[in-house]
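Asker: Just to be clear, the model below is a prediction. Sequence and coordinates:
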Amino acid sequence: MFFFGRKPKTHLGLDIGTSAIKLVELSKENERFKLENYAIFPIVEYPERLEQKIRTESLKMREQEMSSMIKLAIKEAGIKSEKVCLSVPVYSSFSTLIDLPFMPEKEIATAIPFEAKKYVPVPISEVILDWSIIEKTKSAPLPPPLGNEISKDSRVITRQQEPSLDSGQKPQDPMIKPEEKAGGSEGIQVLLVAVPKEVAAKYARIIQMAGLELKALEAETFSLTRSLVGNDKSSIVIVDTGARSTNISVVDGGYIRVTHNLEMGGAQLTKNLGQKMQIDFEKAEEIKKSELTSANSQGKEFTARETVQSFLEAVVSETKRIVNHYQLKYNRRIEKCILAGSGLAAAGLIDEFTNKLGLEVSLGNPFARIIYSPVLEPAVKELGPPLAVAVGLAMRE
């Protein structure tokens, strides 16, 4: 747990992960964000809950239990903000970019529900829809996501009294500002977002029971992009390894183009280490996070390195496939790779990705554009990747 003083008029981001609750509190100082408070609160009985396979929530926990943990985390961290922005896991939301002929905005609102049926893999009556124009073209629109299939990311807002969607998008946000391209035929590119009503309602109830006001609910991919990419218009692939899964996203020109969910996460790696080395989960977690020895070492350390390398190779291979497919299909070169999530540096992902992808690879630093005390530098460097989603949520205005 990490905490320190706060200032008034703060913004609170809450990321409910599989293994921990992460909070970041920011304020604004001369148009720049300033770090006021942060906390990482481990979720109780995390190892036991990993056996529960579930697709629509981070953990199979009672709503009251989760809200109580949020209350405790906020109390122990000394956080005073009562309005919170909350993330939805990638696998609990859906979005895609769709191309439409030019039409008045009021006609787009009528066309969206019909178009959504082509992309959203559940009945439209069971989801909350939202949309936003992200590009107006006078030629062929920029390429849609990989394969023009539903991408599992979203940008939504849920109001506490009645779960609903509202893009909450502002012109200064580089991810959503409409652009125009010169050329021939006119068209509109629209970001379509869908979140199951059950998921939105569940999160709204949890936040209400925690004594907070839910200001916004959005897919974590958007939070990551906001904190790690900012105004960078480069073509970037973001690899976010969480406890349960790994999310691979392509951000091109400031827009999310592809999001892919890979059912491989840090928890599965820890479990594999424990089984192969015949040690408990906690010890395996320590080994995973530690600086592993080189691949030519012997004994248990070699087993650990071998297990980690097998995991990394699978993630790298899938990332490479997505990168190559995007570049070949759309003739747009991806320039950078940003890594986020827990334990990436210790697991050696930077070298692995650099060698096999041939890209400029870096650990995500969500605090790069945020003011903070110099004494926090070591902690910020260590906790940047796992706090990236919470930081992006706190930056949402």
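Answerer: Ah, there it is.

Asker: For the one helix or strand S227 maps to, the averaged confidence score.
Answerer: Secondary structure from DSSP states H and E places S227 in helix 220-228. Taken as a whole, helix 220-228 carries a mean pLDDT of 92.

Asker: Run through the neighbouring helices and strands of that helix.
Answerer: Counting contacts by 3 or more C-beta pairs under 8 Å, 6 or more residues apart in numbering; DSSP states H and E, the secondary-structure elements packed against helix 220-228 are strand 11-16, strand 83-88, strand 236-241, strand 246-252, strand 255-262, strand 336-341, helix 377-394. Just so you know, the C-beta spots here come from the backbone N, C-alpha and C atoms, and that holds for glycine as well.

Asker: Could you rerun that using 7 Å?
Answerer: Using 3 or more C-beta pairs under 7 Å, 6 or more residues apart in numbering; DSSP states H and E as the contact criterion, the neighbours of helix 220-228 among helices and strands are strand 83-88, strand 236-241, strand 246-252, strand 255-262, strand 336-341, helix 377-394.

Asker: quick one: contacts of that helix?
Answerer: 15, 87-90, 153, 155, 175, 238, 240, 247, 249, 251, 256, 259, 338, 340, 364, 366, 388-389, 391-393, 395-396 (C-beta atoms under 7 Å, 6 or more residues apart in numbering).

Asker: hang on, K356 packs against K320?
Answerer: Yes: in this structure, K356 sits in contact with K320. The criterion is C-beta atoms under 7 Å, and the distance is 6.3 Å.

Asker: where in this structure is pLDDT low?
Answerer: Within the chain, the set of residues satisfying pLDDT under 70 comprises 1-8, 44-61, 137-185, 290-302, 343-348.

Asker: all helices for it, in order.
Answerer: 46-49, 63-77, 105-119, 197-209, 220-228, 266-277, 281-289, 299-330, 349-357, 377-394 (DSSP state H).

Asker: Can you tell me which of these is nearest to G187?
Answerer: Judged by C-beta to C-beta, the one of the helices of the chain that comes nearest to G187 is helix 105-119, at 11.8 Å.

Asker: Export the helices and strands packed on helix 220-228 to a markdown table and append columns for mean neighbour count and distance to E198.
Answerer: Putting the helices and strands packed on helix 220-228 into a markdown table (neighbours: other C-beta atoms under 10 Å; distance: least, C-beta to C-beta, whole Å) gives the following:
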| stretch | mean neighbour count | distance to E198 |
| --- | --- | --- |
| strand 83-88 | 24 | 12 |
| strand 236-241 | 25 | 24 |
| strand 246-252 | 25 | 21 |
| strand 255-262 | 22 | 19 |
| strand 336-341 | 24 | 26 |
| helix 377-394 | 23 | 21 |
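
Asker: possible to save these as TSV with distance to L224?
Answerer: Supplementary listing: the helices and strands packed on helix 220-228 in TSV, determined by distance: least, C-beta to C-beta, whole Å:
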stretch	distance to L224
strand 83-88	9
strand 236-241	6
strand 246-252	7
strand 255-262	9
strand 336-341	6
helix 377-394	5
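
Asker: Indicate which one of the ones you listed is closest to L273.
Answerer: Each of these has some distance to L273 by C-beta to C-beta; the shortest is strand 236-241, at 14.9 Å.

Asker: Give me the angle between that closest one and helix 220-228.
Answerer: Relative orientation of strand 236-241 versus helix 220-228 (axes from the mean of the first three to the mean of the last three C-alpha atoms, to 10 degrees): 120 degrees.

Asker: Centre of the chain to strand 236-241, how far?
Answerer: 9 Å (C-alpha atoms, centre = their mean, to the nearest Å).

Asker: And for stretch 318-326?
Answerer: Using C-alpha atoms, centre = their mean, we find the averaged C-alpha position of stretch 318-326 to lie 19 Å away from the chain's own average C-alpha position.

Asker: Give the buried residues for it.
Answerer: Within stretch 318-326, the residues that count as buried by 16 or more other C-beta atoms under 10 Å are 318-320, 322-323, 326.

Asker: which residues touch it?
Answerer: Defining contact as C-beta under 7 Å, 6+ apart, one finds that stretch 318-326 is touched by 146, 237, 239, 248, 250, 258, 260, 262, 332, 334, 356-357.

Asker: among these, which two are most distant?
Answerer: Considering C-beta to C-beta, no two members of those lie farther apart than L262 and R332, which are separated by 22.0 Å.

Asker: Quick check: beta-bridge partners of Y255?
Answerer: The residues listed as beta-bridge partners of Y255 by DSSP bridges are D252.

Asker: For it, give its distance to R332.
Answerer: Per C-beta to C-beta, to the nearest Å, Y255 is found 12 Å from R332.

Asker: now do M66
Answerer: Between M66 and R332 the distance is 41 Å, computed by C-beta to C-beta.

Asker: Next: S317.
Answerer: The spacing between S317 and R332, counted by C-beta to C-beta, is 21 Å.

Asker: Compare the two (neighbour count), which wins?
Answerer: For the pair S317 and R332, the greater number of neighbours falls to R332 (16 against 11), based on other C-beta atoms under 10 Å.

Asker: Perfect, that will be all.
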